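J.: I need the structure of the sequence given here:
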Amino acid sequence: MTRVVSLFLPTWSTDRARQRAGDAAPPPEAPLVLIGRDGSRRVVLAADDAARAAGLRVGMPVTKAQVLVPGLIVENANPTADAVDLDQLAIWLLQRIAPVVAADAPDGIVIDTTGADHLHGGESAMIEEIVGRLAMSGIAARAAVADSWGAAHALARYATRSTIVAPRGHGAAILSRLPLEALRIPNSVSAGLRTLGFNHISDVLPQPRAPLSLRFGPELGRRINQALGELSEPINAIRPPDLVEVRQLFFEPIGAAETIARYIGKLVLELCGRLEERGLGARRLDLVCHRVDNRAQAVRVGMALPVRDVKRLTRLLCEKIDTIEPGFGIEVMTLSAPLAEPLERRQTVSSLIEESAPDVSDLIDTLVNRVGERAIYRLAPVASDVPERSVCRVPALAVETGATWPAHWPRPARLLPRPEPVETLALLPDQPPVSFTWRGVRRRVKRADGPERVFGEWWKRDAELVAVRDYFSVEDEAGERYWLYRAGDGEDAATGSHRWFLHGVFG
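T.: So this is what the prediction gives:
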């Protein structure tokens, strides 16, 4: 089933203007509008959240806006630059999210994520990651996933939540309470429908189409059918100018899995030849199969390292053939490498001189394309004395950063997801506990070592300016070893609550 993401950027123009200004950008709380000309009038073409909260609207005369909001920041709009940057953002999403991405001007992007969401931990995690990354860059975004472009477009702009995942096969129910404007119809049509008493999509759906088309034209019926998924709406995917891509056209549509696999092999061979000419290796491969019914089936595979091995790439793609629905036949197949990196030839080292490290990248690629990137990772140290911040997840074949864990005190093999409170009997301020009760079981301490004092990271949070923890490694009568800490130094209440917690278990 087709799944489409609509990404809505409600303040794209003003966010882009702030981003371009860099350190010279006005503060977020300062109202900002972008202006242009509508004939001989100067009007507001874009307004940020602060300006909208102050009552300013798109289309308002600039002089009126300046009177309503003293100190309003006014800059000239640049729709051409906005469109260029929107295309660049679409290319960025093409390289990282899914094979079929297009700009939905002037303030959106549409993505066909069919078969690609599992690489990002599912649809919900995927759109939350997109919205979160854009927010970190200063760009406000809303996203929705639905069965059609029209439904996703409506939910992204008119639903109450910033991210929403519509259930598969949702039908018209999920759109029924949205306003008429969610159908992407002209303002004149929606105004005419409201005159007749129609306010929501649910009011229009039961009505006969013929009278509506006779009065308002065919656009209304077409938009309804597109939102319901009854009429296909092809996405004209963006193609970067430097994209490495090959194409195969068929005089007779194909559909058998064996035939698809054979042509995948031919396309991979041709693509690898072009990559070799440029000295590149593929990190992403996109196979798009265009069907005779004007629908596209896309397959994406990713690699941990740049790859130009024909057999390996062919195998990774062929493992996804069962996700392709050929329908009445495939008439065009395209294979592209949206993400490619330099790949140098390596001389094979003789085993008589030096033993080469085993290459597990093929195994990593196979697992990642089966279960997703988030499921395959390794733990790496982070330069932090705070235990829960001293480790992070990185890609399985990420380059070593040189960071190491503290070696002056032993660390437990297992940290709990969150420190769990325990009841203890201990002498303050520096003595280890004599006994502690964890999860309803009382344990008497036989041996202990500590304290190891860990200070708060005051340069990150003001609340940790005087915060400390005292850690103890303890062993109970059964020989089990635990890692406990007391919040605070045992004397000054400002340093912590002086409560005890169990944070880890030794092997």
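
J.: can you list the residue ranges for strands in the stretch 301-450 of the chain?
T.: With DSSP state E, counting those that start in this stretch as the criterion, the stretch 301-450 of the chain has strands at 330-342, 377-381, 391-395, 414-426, 433-438, 441-455.

J.: distance of Ala210 relative to Gly440?
T.: Ala210 sits at a distance of 71 Å from Gly440 (criterion: CB to CB, to the nearest Å). Bear in mind the C-beta positions are built from the backbone N, C-alpha and C, glycine included.

J.: which one's more surrounded, these two?
T.: Taking neighbours as other CB atoms under 10 Å, Ala210 and Gly440 compare with Ala210 leading, 9 against 5.

J.: packing partners of the helix or strand containing that one?
T.: If you go by DSSP states H and E, Ala210 is part of helix 209-216. Here helix 209-216 touches helix 187-195, helix 218-227, going by 3 or more CB pairs under 8 Å, 6 or more residues apart in numbering; DSSP states H and E.

J.: let's have the ones you listed in a markdown table, adding distance to Pro28, mean neighbour count and mean pLDDT.
T.: Compiled in a markdown table, the helices and strands packed on helix 209-216 are given as follows (distance: least, CB to CB, whole Å; neighbours: other CB atoms under 10 Å; pLDDT from 0 to 100):
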| stretch | distance to Pro28 | mean neighbour count | mean pLDDT |
| --- | --- | --- | --- |
| helix 187-195 | 31 | 14 | 92 |
| helix 218-227 | 34 | 19 | 92 |
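
J.: out of these, flag the one nearest Ile127.
T.: Shortest distance between Ile127 and the helices and strands packed on helix 209-216, using CB to CB, is found for helix 218-227: 19.1 Å.

J.: next helix or strand past the closest one?
T.: Proceeding N to C from helix 218-227, the next assigned helix or strand is strand 244-254, under DSSP H and E.

J.: residues contacting Met126?
T.: Counting by CB atoms under 8 Å, 6 or more residues apart in numbering, Met126 makes contact with 5, 97, 113, 117, 120.

J.: pull the most distant pair out of the residues you listed.
T.: Val5 and His120 (10.8 Å).

J.: got a markdown table for the helices and strands packed on helix 209-216, with distance to Phe251 too?
T.: Formatted as a markdown table, the helices and strands packed on helix 209-216 follow (distance: least, CB to CB, whole Å):
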| stretch | distance to Phe251 |
| --- | --- |
| helix 187-195 | 43 |
| helix 218-227 | 31 |
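
J.: select, out of those helices, the one closest to Ala143.
T.: Minimum separation from Ala143 across the helices and strands packed on helix 209-216 (CB to CB) falls at helix 218-227, 17.2 Å.

J.: dump stretch 393-400 to PDB, restricted to CA.
T.: Provided in PDB are the C-alpha atoms of stretch 393-400 (Å, rounded to 0.1, in the frame of the first residue of the first chain):
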ATOM      1  CA  ARG A 393      24.800   4.800  20.100                       C
ATOM      2  CA  VAL A 394      26.700   5.200  16.800                       C
ATOM      3  CA  PRO A 395      26.400   3.400  13.400                       C
ATOM      4  CA  ALA A 396      28.000   0.000  13.500                       C
ATOM      5  CA  LEU A 397      31.000   1.100  11.300                       C
ATOM      6  CA  ALA A 398      31.300   4.700  12.500                       C
ATOM      7  CA  VAL A 399      34.900   6.000  12.600                       C
ATOM      8  CA  GLU A 400      36.500   6.000  16.000                       C
END
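
J.: determine how far it lies from the middle of the whole chain.
T.: Taking CA atoms, centre = their mean, to the nearest Å, one finds stretch 393-400 lying 19 Å from the centre of the chain it belongs to.

J.: list the buried ones in that stretch?
T.: For stretch 393-400, a neighbour-count test (16 or more other CB atoms under 10 Å) marks Ala396 as buried.

J.: any stretches of the protein with poor pLDDT?
T.: For the chain, applying pLDDT under 70 flags the ranges 345-357, 406.

J.: what's the domain layout of it?
T.: Domain ranges of the chain: 1-238, 244-342, 414-505, per automatic domain parsing.

J.: using CSV, lay out the ones you listed together with distance to Ile376.
T.: Shown next, in CSV, are the domains of the chain (distance: least, CB to CB, whole Å):
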stretch, distance to Ile376
domain 1-238, 11
domain 244-342, 9
domain 414-505, 20
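
J.: of these, which is nearest Glu400?
T.: Nearest to Glu400 among these is domain 244-342 (14.3 Å), distances taken as CB to CB.

J.: tell me which of the strands of the stretch 301-450 of the chain is the most buried.
T.: Comparing those by mean neighbour count (mean count of other CB atoms under 10 Å), strand 330-342 comes out on top with a mean of 20.

J.: the inter-axis angle of that one versus strand 244-254?
T.: Interaxial angle, strand 330-342 versus strand 244-254 (axes from the mean of the first three to the mean of the last three CA atoms, to 10 degrees): 160 degrees.

J.: so Val5 and His120 - more neighbours on which side?
T.: A direct count of neighbours by other CB under 10 Å for Val5 and His120 places Val5 higher, at 27 against 21.

J.: assign the more buried one to helix, strand or coil.
T.: Secondary structure for Val5, judged by DSSP: H, G, I helix; E, B strand; the rest coil, is strand.

J.: isn't it right up against Glu129?
T.: No. With contact defined as CB atoms under 8 Å, Val5 does not count as touching Glu129 (11.5 Å).

J.: what do Val5 and His120 both touch?
T.: Contacts common to Val5 and His120, judged by CB under 8 Å, 6+ apart, are 97, 126.

J.: three-state assignment of Thr80?
T.: Applying three-state DSSP: Thr80 is helix.

J.: got it, and the one 4 residues further on?
T.: Counting by three-state DSSP, the backbone at Val84 sits in helix.
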